[in-house]
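Asker: Please work out how this folds:
(2 chains)
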2 protein chains.
Amino acid sequence: MAEYKVPVRDIEFAFHDVLDLTAHYQQLPGAEEVDRDFIGAVMTEAAKFSEDVLAPLNQSGDQQGCQWNDTVVTTPDGFKDAYQQFVDNGWPALAQDVEKGGQGLPMSLQMSVYEMLISANLAWGLYPTITWGAVTTIEAHGTDEQKRLFLPEMIAGRWTGTMCLTESHCGSDLGLLRTKAEPNADGSYNITGNKIFISSGEHDMADNIVHVTLARLPDAPAGTKGISLFLVPKFHINGDGSIGERNSVSCGSIEHKMGIHGNATCVINFDNAKGYLIGPENRGLNCMFTFINESRVDVCLQAHGQIERSYQGALSYARERLQMKAIPRVDKEKPADPIIAHPEIRRLLLTQRSFSEGARLMAYDLARLVDLVRSGSEEEKHQAEAALGFLTPIAKGFITEAAIEATSHGVQVYGGHGFIQEWGMEQLSRDVRITAIYEGTTAIQGLDLITRKILADDQVQYQRYLTEIKQFCATNKAELDSLMDTYLQYLATWEQTTARVLEASLKDLNEANAAAVDFLMLSGYVVMGYYLVRAAVTAKANLADDNDGYYQSKMDNAVFFVSKIMPRIHGLQKQIEAGTECYMTLAGKDFDLASE
Amino acid sequence: MAEYKVPVRDIEFAFHDVLDLTAHYQQLPGAEEVDRDFIGAVMTEAAKFSEDVLAPLNQSGDQQGCQWNDTVVTTPDGFKDAYQQFVDNGWPALAQDVEKGGQGLPMSLQMSVYEMLISANLAWGLYPTITWGAVTTIEAHGTDEQKRLFLPEMIAGRWTGTMCLTESHCGSDLGLLRTKAEPNADGSYNITGNKIFISSGEHDMADNIVHVTLARLPDAPAGTKGISLFLVPKFHINGDGSIGERNSVSCGSIEHKMGIHGNATCVINFDNAKGYLIGPENRGLNCMFTFINESRVDVCLQAHGQIERSYQGALSYARERLQMKAIPRVDKEKPADPIIAHPEIRRLLLTQRSFSEGARLMAYDLARLVDLVRSGSEEEKHQAEAALGFLTPIAKGFITEAAIEATSHGVQVYGGHGFIQEWGMEQLSRDVRITAIYEGTTAIQGLDLITRKILADDQVQYQRYLTEIKQFCATNKAELDSLMDTYLQYLATWEQTTARVLEASLKDLNEANAAAVDFLMLSGYVVMGYYLVRAAVTAKANLADDNDGYYQSKMDNAVFFVSKIMPRIHGLQKQIEAGTECYMTLAGKDFDLASE
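Answerer: Okay, here's the model as predicted:
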């Protein structure tokens, strides 16, 4: 199996050279002291843990999977020990509030650490991730008493969290959910219902599990406006914070999945389980949205990590595997050349490399906005929230789709070996498949982008972002003239297409709904292109120090992406222009719903 | 798990209405009596076997997989019994020579039966498939004695065959292979070497296994011109055709794979195993090419079958799953509408449906050419061989890539459920992944198309095919005016792009090599579009009898494909026009091979 090496230089290039996050920290309340040396030290330790402890468990975790036996879930060999190390070394609390036992570092720094964990072992990485989401929810909406009882253990990672949303009949459409919450005299609630697809829902790695659960109060209105949020611990918590009796919440079974076998995806049954309301009644969904952007950024990193890992594997194989003679020959003494010399293999590898680089830059820039949402001034917070809201569906939708493509390329570079489990390439393509589904499918992201984040926002954020890109290009055009020219043509196509979709949607909202995914993908290429062009501008400024072609490779990425990948925009534009007629108003069998 | 139902009406529509294969049989020596009733009877029986026997073993075969224990391979429960039924009912011999115990029916009829088997259970279907390839090779190149000894049992299916090509260091580049053949005094050879990725290489379903094996004679020239072909039986065969002692060929292990778990993919070790030369010395690769087009058509059907099955599953789910309110509402009384009413789900489903329909038509039309290659007059044979050679890489490359996309859409329609094994959608996407790799990767198909089938052929077949399409469109334009107009624009783009690639390749052959896959995909959209437009013309002629919107749905397919899928051609055209500069002459790290 191809080894995973944390691409420290690439991470630093993105973090420091392109996005200059240390400068951003100097403006960020509480992060002023976080300098490059300190960041380097954190990253070095995280890289060591990821490479030495987590990466070796990735394949064995896939093969062994989780085991379920009468409500008890056992994680694959080594997962529990790795988690214990993670807790002992204080990693769960990296970006948490100092007052509650955290280390108070910026979320963006945690996210670059997270990139390493999740690249090394996606299934394992989901255990801490979801806890972070639960912690954020409790911090934002919990009472002081709830914070006192739950947060210290969860922040330390000794207890983990889950997010219990989905039920068998409702995933994207949470308004349909049925789990009930009956009030008790003591202010608590009895929760009854069944949840499915609960990641990290039950396992053997922590002392307690806190289920952040959506349910309906008895008198709640129908739909999304009648959903409330509850904390339901696996074990009751005594007044002093110690663990009490078992609560009547349990794991009914675990799913057998296409990938992420090492993560327990659980059916969780609530049978009059005791829970505690968090946030206002009937505002549960709004409370959940507190952390939804953050968790979508996490998913971007998950998808990025699998691209990166697939690229590393494919690159090393392509440089070693000798097959067919190339034009020109690399080494005439050998019977064949390394396959990296063949055009099609180069195309696959460079697609992977530019997607990996672009996805990292996009995700880190979102992480910068998350920092501002968490710690900025009121105005910064407000602006960052809006910018994050606009960019998140593009990043989440596009990067996860790009990851499905890129990890499939990794399989293809290996030929028949790519299909064999031993080499690890097929696992990456299986594991990553879920990222385009959970935390909102690509369709949900597309609808969010076009209807809520552009239409309902009167294009405010969209125009702001366009202006940012245009200003950047104007300022730096002289640097990369012909590249910028090509890029700016695609930027113009984005504007034209947006205008067209918005106009069409005035007559028929389905025009926007139907364009949603194509428009999301088109937007994704433009946005990723912007970050890669930014990287190229940065790289060009460093060319004088380029001893090993490293900075040149960053320019190569941008040239390749703009020249060879962005032309897909022509197709997407025409697909959108084709409108809805060819598939919304079909009169034929199976699709003509009106006549049935 | 979604049930598989043989789409009898769709098969008949393609077979009879669009392609009129019964008229073709009336011209085909030996097939004149094969009429629609007879075909219907064969298909009904095949459908029953596929639905009742094979389909139920698809998921269990995936979960159980094959077991290897000290050279012995055990197939999943039920596989052996199903195979015995298959043999008992004479299915293996359907299209085989009557004189050798076959039923002498056209290969195209066998291929429509094969579609059913392989849709029901791809892993199982690979056992008989590969035997057919081995039989074809022996028929074409074996001595009379070899035919007498091997063919009756293989044709009856009591013995199976394999194709032993790949070695660990060579897949696409067979010129590198090392397995040796030392001549014995009795005219036989001792074969020594190790082969990998041998599908159906060892199993418990047949009395003997005949390995059709590539190896080098002691004095053979290097490269592809020094490879000879041998028959190496698992058990020696006595002079009377009965089974003798075990030969020294054995299964060293089986691979653990992404998919097709029920098919044993074997390491086969030859340790001075006795083998028999088949065909002329050093012409082994040429002998293999006898049946390579046929086996690539089989792969088209494999890929098609998984699309069809994924579509069936997704359609039934999308019609039942209620989630979100659609515009317009389907049923206002319900809290949500079936997801088939939502634009994005329709887009995914119609992509699947049009790919499935188009792939079936393409594969059947290739099967018609196979009939002519096998049974036509010398002139027909010659023409059909050339046409088949041109169309096969387009069909194999494009349909398998389309199948990767379409089966992924099937997962997406199911949302989180698509990622769960129980529903069967993820298995289809795993199983189908290999089709874009084996029998020549997509890159190999692309290179074959542009360099051998267009450049080296002086465009003869390409121009002939263009003329066929243009004539069809001219004759039928009045029927579907606006659809044809759009289609013809894409046809023109194909012509322009071909001219451009050929021109660029005169200066630098890498321009053709680099364009290969994009050009293949562009060609595939045009070719599939042609078949779907043909289907629409046929359907339109039947509209008067369209009681249930069936013929309308065929027109819908063409409109959707031309309007919403073919615009991808704009992107592919521009990607090709970008040329090779952006990735062949990179100066940066890892890709600058010249400076290393």
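
Asker: Contacts only, for the closest residue to A:Thr290 other than its chain neighbours.
Answerer: Setting aside the residues directly before and after it, A:Thr290 is nearest to A:Ala140 in space (CB to CB, 6 or more residues apart in numbering or on different chains), at 4.6 Å. Quick note: C-beta positions are derived from backbone N, CA and C, even for glycine. By CB atoms under 8 Å, 6 or more residues apart in numbering or on different chains, the contact set of A:Ala140 is A:287, A:290-291.

Asker: For the closest residue to A:Thr75 other than its chain neighbours, which three-state class applies?
Answerer: Nearest non-adjacent residue to A:Thr75, counting by CB to CB, 6+ apart: A:His203, 5.2 Å away. In three-state terms, and counting by DSSP: H, G, I helix; E, B strand; the rest coil, A:His203 is coil.

Asker: related to what we said a few turns ago, possible to save the contacts of A:Ala140 as TSV with neighbour count?
Answerer: Listed next are these as TSV, based on neighbours: other CB atoms under 10 Å in any protein chain shown:
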residue	neighbour count
A:Cys287	21
A:Thr290	16
A:Phe291	21
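
Asker: Out of the residues you listed, which is nearest to chain B?
Answerer: For those, the residue nearest chain B by CB to the nearest CB is A:Phe291; the value is 19.4 Å.

Asker: Quick check: which element contains that closest one?
Answerer: Following DSSP states H and E, one finds A:Phe291 within helix A:284-320.

Asker: tilt between the helix or strand following that helix and helix A:284-320?
Answerer: Per DSSP H and E, the first helix or strand lying C-terminal to helix A:284-320 is helix A:343-375. Helix A:343-375 and helix A:284-320 meet at an angle of 150 degrees, taking axes from the mean of the first three to the mean of the last three CA atoms, to 10 degrees as the criterion.

Asker: If we go by neighbour counts, what in the next helix or strand after helix A:343-375 is buried?
Answerer: Sequence-wise, the next helix or strand downstream of helix A:343-375 (DSSP H and E) is helix A:378-413. For helix A:378-413, burial by neighbour count (16 or more other CB atoms under 10 Å in any protein chain shown) applies to A:380, A:383-413.

Asker: same deal with stretch A:448-462?
Answerer: Buried, per 16+ other CB under 10 Å, within stretch A:448-462: A:448-451, A:453-455, A:457, A:459, A:461-462.

Asker: Among these, which ones are in helices?
Answerer: Among the buried residues of stretch A:448-462, DSSP state H puts A:461-462 in helices.

Asker: Dump the buried residues of stretch A:448-462 to CSV, plus pLDDT and distance to chain B.
Answerer: What follows is those, written out as CSV (pLDDT from 0 to 100; distance: CB to the nearest CB, whole Å):
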residue, pLDDT, distance to chain B
A:Asp448, 97, 12
A:Leu449, 98, 12
A:Ile450, 97, 11
A:Thr451, 96, 11
A:Lys453, 97, 17
A:Ile454, 97, 17
A:Leu455, 96, 14
A:Asp457, 96, 21
A:Gln459, 97, 22
A:Gln461, 98, 23
A:Tyr462, 98, 21
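
Asker: farthest-separated two in the buried residues of stretch A:448-462?
Answerer: A:Asp448 and A:Gln459 (14.9 Å; CB to CB).

Asker: mind listing the strands in the stretch 51-200 of chain A by residue range?
Answerer: For the stretch 51-200 of chain A, the strands defined by DSSP state E, counting those that start in this stretch occupy A:67-69, A:72-74, A:159-164, A:180-183, A:189-199.

Asker: ok, for the residue in the stretch 151-300 of chain A that chain B sits nearest to, nearest residue in space, not its chain neighbours?
Answerer: Nearest residue of the stretch 151-300 of chain A to chain B: A:Met258, at 3.8 Å (CB to the nearest CB). Among residues not flanking A:Met258 along the chain, B:Glu426 sits closest, at 3.8 Å (CB to CB, 6+ apart).

Asker: The one you found: what's it in contact with?
Answerer: B:Glu426 is in contact with A:257-258, A:433, B:411, B:418-420, counting by CB under 8 Å, 6+ apart.

Asker: and it, how far is that from A:Thr265?
Answerer: Counting by CB to CB, to the nearest Å, the gap from B:Glu426 to A:Thr265 is 13 Å.
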